[in-house]
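In: Sequence first, then the predicted structure:
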Amino acid sequence: MAIALNPETERRLQDEVVKGHYPGPSELIDHALELVAAERDLERRQHIAARIEESVQQADRGETYSMEEAQKILAERRAARMAG
């Protein structure tokens, strides 16, 4: 695969390789892609943690459903997904 880089990006990539931080451009790009994936994973985890915290706060305020209510809501959502 061939990619076109803007001159500034190409210069930065070459600088990292020349400084010996990476054996070659491919390794630097691999590392950059790993960092992007890790950042997305962190964002996903933070989103999940925020949702859990929100749920805990709702429970602390007594904003909960009985088992029957929860089952009914889930059944309605499932039916809506199946229909649409």
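Out: Nice, I can see it.

In: residues near residue 56, how many?
Out: Using other Cβ atoms under 10 Å, residue 56 has 10 neighbouring residues. From N, CA and C alone the C-beta is placed, and that goes for glycine too.

In: Residue 18 versus that one, what's the distance?
Out: 51 Å (Cβ to Cβ, to the nearest Å).

In: so what's the residue sitting furthest away from the middle of the chain scoring on pLDDT?
Out: Distance to the chain centre peaks in the chain at residue 68, reaching 33.4 Å (criterion: Cα atoms, centre = their mean). pLDDT recorded at residue 68 is 96.

In: Which helix or strand contains it?
Out: In the assignment (DSSP states H and E), residue 68 maps to helix 67-83.

In: Also residue 58?
Out: Using DSSP H and E, residue 58 maps to helix 25-60.

In: Please name every helix or strand in contact with that helix.
Out: Packing partners of helix 25-60 (3 or more Cβ pairs under 8 Å, 6 or more residues apart in numbering; DSSP states H and E): helix 7-18.

In: Check the offset of the helix it packs on from the chain's centre.
Out: Put simply, helix 7-18 sits 28 Å off its chain's centre (Cα atoms, centre = their mean, to the nearest Å).

In: relative to helix 25-60, how tilted is it?
Out: Put simply, helix 7-18 runs at 100 degrees to helix 25-60, going by axes from the mean of the first three to the mean of the last three Cα atoms, to 10 degrees.

In: Render the CA-only coordinates of helix 7-18 in CSV, please.
Out: Extracted C-alpha coordinates of helix 7-18, given in CSV (Å, rounded to 0.1, in the frame of the first residue of the first chain):
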residue,chain,number,x,y,z
PRO,A,7,5.5,17.4,3.9
GLU,A,8,5.2,18.2,7.6
THR,A,9,4.0,14.7,8.5
GLU,A,10,6.7,13.1,6.4
ARG,A,11,9.4,15.3,8.1
ARG,A,12,8.2,14.4,11.6
LEU,A,13,8.1,10.7,10.6
GLN,A,14,11.6,10.8,9.3
ASP,A,15,12.8,12.8,12.4
GLU,A,16,11.6,10.0,14.7
VAL,A,17,13.3,7.3,12.6
VAL,A,18,16.6,9.3,12.3
